[in-house]
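Chemist: coords please:
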Amino acid sequence: MIDFVRRWNQKTEIAVDRVVTWVGLSRGKYYEWRERYGKVNEHNGWIPRDAWLAPWEREAIVPSSSAPAILQMARPGSLASAFGSRLTSGLVSGLSRAG
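Modeler: Below is the predicted model of the structure:
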């Protein structure tokens, strides 16, 4: 858009503000874009990296237990976490008997 406005301004000598208005942009938006023109897009926040996690944090995010996934996601203090070991052992023993 910046190149388009500049090209028509140079070819016709029509004021930039008039070309911007004809295109349908607000003057403020055009000048914001012109200020950023040619610059690399930069992210506003920190980008997390795998190396930033301590081993215990990685283990907390992805538990390595054999419990079903629904029990691994249970909040501490919830019924699923309180009865998780009983449910897991019951499921495993029930599966081993069925198979």
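Chemist: so where's this protein shaky on pLDDT?
Modeler: Within the chain, the set of residues satisfying pLDDT under 70 comprises 48-50, 62-99.
Chemist: Show me where it has its helices.
Modeler: 2-12, 16-23, 27-36, 55-61, 69-72, 79-82, 84-98 (DSSP state H).
Chemist: Please identify the buried residues of stretch 8-16?
Modeler: 8-9 (16 or more other C-beta atoms under 10 Å). C-beta: built from backbone N, CA, C; applies to glycine.
Chemist: What of stretch 19-36?
Modeler: 19-20, 25, 30.
Chemist: For it, measure first residue to last.
Modeler: Stretch 19-36 has an end-to-end distance of 19 Å (C-alpha to C-alpha, to the nearest Å).
Chemist: Number the residues from 45 up from this point.
Modeler: Okay, using 45 as the starting number, the last item reads as stretch 63-80.
Chemist: And the contacts of that stretch?
Modeler: By C-beta atoms under 8 Å, 6 or more residues apart in numbering, the residues outside stretch 63-80 that reach it are 45-46, 48-49, 52-53, 60-61.
Chemist: and which of those residues is nearest to residue 83?
Modeler: residue 46 (11.8 Å; C-beta to C-beta).
Chemist: Find the nearest non-adjacent residue to that closest one, please.
Modeler: residue 81 (4.8 Å; C-beta to C-beta, 6 or more residues apart in numbering).
Chemist: burial count for the one you found?
Modeler: 11 (other C-beta atoms under 10 Å).
Chemist: ok, now how distant is it from residue 74?
Modeler: Using C-beta to C-beta, to the nearest Å, residue 81 is found at 10 Å from residue 74.
Chemist: tell me the domain boundaries of this protein?
Modeler: Segmentation of the chain into domains, based on automatic domain parsing, reads 46-80, 110-143.
Chemist: can you tell me the distance between the two ends of stretch 55-69?
Modeler: Start-to-end, stretch 55-69 (C-alpha to C-alpha) is 20 Å.
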